[in-house]
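**Student:** With the sequence up front, the predicted model follows.
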Amino acid sequence: EAGVAQSPRYKIIEKRQSVAFWCNPISGHATLYWYQQILGQGPKLLIQFQNNGVVDDSQLPKDRFSAERLKGVDSTLKIQPAKLEDSAVYLCASSWISQGKSYEQYFGPGTRLTVT
Amino acid sequence: QQPVQSPQAVILREGEDAVINCSSSKALYSVHWYRQKHGEAPVFLMILLKGGEQKGHEKISASFNEKKQQSSLYLTASQLSYSGTYFCGTHANSNSGYALNFGKGTSLLVTP
């Protein structure tokens, strides 16, 4: 079974530039998550999709971050304009959700973003 | 609310045991445990659901005290491959989805 795919793996940009990350979840997983992981900390949820609808984006800085999941499969996370504090690893994860049960999440390799 | 993990770090010799704890101030529906090696994605270890259901790897054991909103991960007869950072992720009773709140992690180093 193919895992969660993410690209690019690394990205270096200057502040105020824009950047986009792509994620392809495990086939059949209806739920997709974007997490931000700052060095030395646990992943922090940015946004959760179920199919192509947003379930939770309460921690997404909407003035600069946006995300979409067209057709309920692939997803793109964008930052515009980037700030120095956005330097982090951006992790995409996917999981099954069914009948009120929480299932394990499978993480992609992440995109390491450095903002200079 | 972010769960609190303890200890922050632990160093073991191969073959020794360790316990990693995770506690929350909110009532929990489930607790997930992940291990992350440096530069890699978190890898699923165990999920514990309210009501006693568990799912995870055979060599990993964990407990979930629903009344105290606490979970513990038990690593027995540790191997070098157990080294990494262990995160607990909690899901409180909520209708807002199933995203996890992760703790800050426990760094585990197993030495020969």
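**Tutor:** On my side now, so go ahead. On a predicted model such as this, the values are computed, not experimentally measured, just so you know.
**Student:** Just the buried positions in the helix or strand encompassing A:Q6, please.
**Tutor:** If you go by DSSP states H and E, A:Q6 is part of strand A:5-7. Buried residues in strand A:5-7, counted by 16 or more other CB atoms under 10 Å in any protein chain shown: A:Q6. Using the backbone N, CA and C atoms, a C-beta is placed for each residue, glycine as well.
**Student:** tell me what it is packed against?
**Tutor:** strand A:19-24, strand A:88-95 (3 or more CB pairs under 8 Å, 6 or more residues apart in numbering or on different chains; DSSP states H and E).
**Student:** Next SSE downstream of the longest one?
**Tutor:** By that I understand strand A:88-95. Taking DSSP H and E, what comes next after strand A:88-95 is strand A:97-98.
**Student:** mind listing what that next one pairs with, with the direction of each?
**Tutor:** When pairing is defined by DSSP bridges, strand A:97-98 lines up against strand A:101-102 (antiparallel).
**Student:** How about chain B, which of its residues are in the neighbourhood of chain A?
**Tutor:** Selection of chain B residues close to chain A by CB under 8 Å from any CB of the partner chain yields B:2, B:29-30, B:32, B:34, B:40-44, B:47, B:49, B:55, B:87, B:89, B:91, B:96-105.
**Student:** that older thread, return the most buried member of the helices and strands packed on strand A:5-7.
**Tutor:** The highest mean neighbour count among the helices and strands packed on strand A:5-7, using mean count of other CB atoms under 10 Å in any protein chain shown, belongs to strand A:88-95: a mean of 24.
**Student:** Tell me how far that one lies from the chain's centre.
**Tutor:** 5 Å (CA atoms, centre = their mean, to the nearest Å).
**Student:** thinking again about what came up before, which helices and strands sit right next to whatever helix or strand comes next after the strand holding A:Q6?
**Tutor:** Toward the C-terminal end, the helix or strand that comes next after strand A:5-7 (DSSP H and E) is strand A:10-13. Here strand A:10-13 touches strand A:19-24, strand A:111-115, going by 3+ CB pairs under 8 Å, 6+ apart.
**Student:** For PyMOL, write the selection for the buried entries among the residues of chain B next to chain A.
**Tutor:** Listed next is the PyMOL selection for buried residues among the residues of chain B next to chain A, using 16+ other CB under 10 Å:
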select buried, chain B and resi 29+30+32+34+41+42+44+47+49+87+89+91+97+98+99+100+101+102+103+104+105
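**Student:** would CSV of the helices and strands packed on strand A:10-13 with mean pLDDT and distance to A:G3 be doable?
**Tutor:** As requested, the helices and strands packed on strand A:10-13 are arranged in CSV below (pLDDT from 0 to 100; distance: least, CB to CB, whole Å):
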stretch, mean pLDDT, distance to A:G3
strand A:19-24, 97, 10
strand A:111-115, 98, 15
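**Student:** quick one: which of those strands is nearest chain B?
**Tutor:** In terms of CB to the nearest CB, the element of the helices and strands packed on strand A:10-13 nearest to chain B is strand A:111-115, at 8.4 Å.
**Student:** okay, and for chain B, where does confidence drop off?
**Tutor:** B:58, B:93-97 (pLDDT under 70).
**Student:** Looking at it, what residue ends up closest to chain A?
**Tutor:** Relative to chain A, the nearest point of chain B is B:F102 (3.2 Å; CB to the nearest CB).
**Student:** give me every residue that touches that residue.
**Tutor:** B:F102 makes contact with A:35, A:42-44, B:2-3, B:87-89, according to CB atoms under 8 Å, 6 or more residues apart in numbering or on different chains.
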